[in-house]
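Engineer: sequence unknown, structure follows:
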């Protein structure tokens, strides 16, 4: 019995360990293929205008993500002031950019907001649905751009979108049939998910704001990537760079990175190379983007420090009083 109960924990630990390991393997492969030069070259080219643009765009995208989170959380009954949401989103972006996996900052804000609201489960679900809504909008916008502009994936995109439509249709049909056939233990999660979607994402007062905030956030990330491309020395027309940077942006959703680096650089190297540009140019562009995102997230480090110091001070005071 003890061995049986330990297996799920071991499986989770292995998954957590494998993700950053996969990112390390990918980075090692890139270093072996293109060398360390493109990484260092991109970092050397970062200048003050690029940093200023990253800070300004980062502020806009962070506020949009906080507003989207507030809308979804409000629909689920989790009160969330906008100022507090912006601070927590900044902290999450900083943690995502500096810790392995790229999602630990969102996990932190999900649990923290749930505890503040007195319902951790509802707080976690609010962040999950908010992130999911943002990813759906990003994929939809990416599909439109990749269909409109030439890219290495354009010939395959109709097939991919067709398969995705089939999968979504199958999921909808399965969800509609599930209440009458699924075991009782599956009914409650399905009902909770359906209720969350109706109240938190698809509600009349919510969905338009969620779509708008997501679209502006995606646009901000894309503009930052284009700034990174120009900073790294890419001279290709914007119509050619746009789909390539979008592919690299989509790769960031893969939770297998080390400090934000990994899949993004790998996909950028492949996309730039397949488009007739050099793989080294793609790596340099993605490296500059990662550095600009880290700079734009630095207000999150300030939030993290200001939230940590008072707690440490109170803890030290309690320890002295107790002693």
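Structural biologist: Looks like it arrived, so ask away. Please read these numbers as outputs of a predicted model, since none were measured by experiment. Numbers count the residues shown, from 1 in each chain.

Engineer: For this structure, just list every one of the helices.
Structural biologist: Read by DSSP state H, the chain holds these helices, from start to end of the chain: 2-34, 37-44, 48-75, 82-98, 104-117, 120-148, 157-181, 184-196, 207-231, 238-251, 263-274, 279-296, 298-322.

Engineer: can you put these in TSV and add mean pLDDT?
Structural biologist: Shown next, in TSV, are these (pLDDT from 0 to 100):
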stretch	mean pLDDT
helix 2-34	56
helix 37-44	78
helix 48-75	96
helix 82-98	93
helix 104-117	90
helix 120-148	92
helix 157-181	70
helix 184-196	74
helix 207-231	95
helix 238-251	90
helix 263-274	87
helix 279-296	91
helix 298-322	63
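
Engineer: Would you mind giving these as TSV with mean neighbour count added?
Structural biologist: Bear in mind the C-beta positions are built from the backbone N, C-alpha and C, glycine included. Below are the helices of the chain laid out as TSV (neighbours: other Cβ atoms under 10 Å):
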stretch	mean neighbour count
helix 2-34	13
helix 37-44	18
helix 48-75	20
helix 82-98	21
helix 104-117	19
helix 120-148	18
helix 157-181	11
helix 184-196	12
helix 207-231	20
helix 238-251	21
helix 263-274	24
helix 279-296	26
helix 298-322	12
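
Engineer: So which residue is smack in the middle of this protein?
Structural biologist: By Cα atoms, centre = their mean, the chain has its centre lying nearest to residue 253, at 5.4 Å.

Engineer: so how far is residue 278 from that residue?
Structural biologist: 25 Å (Cβ to Cβ, to the nearest Å).

Engineer: again, but for residue 146
Structural biologist: With Cβ to Cβ as the criterion, residue 146 and residue 278 are 21 Å apart.

Engineer: do residue 155 as well
Structural biologist: Look at residue 155 and residue 278: by Cβ to Cβ, they are 22 Å apart.

Engineer: quick one: contacts of stretch 73-81?
Structural biologist: The contact list for stretch 73-81, computed with Cβ atoms under 8 Å, 6 or more residues apart in numbering, reads 69-70, 85, 113-114, 117, 119, 122-123, 125-126, 129-130, 196, 199-201, 203, 205-206.

Engineer: again, only using 7 Å
Structural biologist: Contacts to stretch 73-81, defined as Cβ atoms under 7 Å, 6 or more residues apart in numbering, come from residues 69-70, 113, 117, 122-123, 125-126, 196, 199-200, 203, 206.
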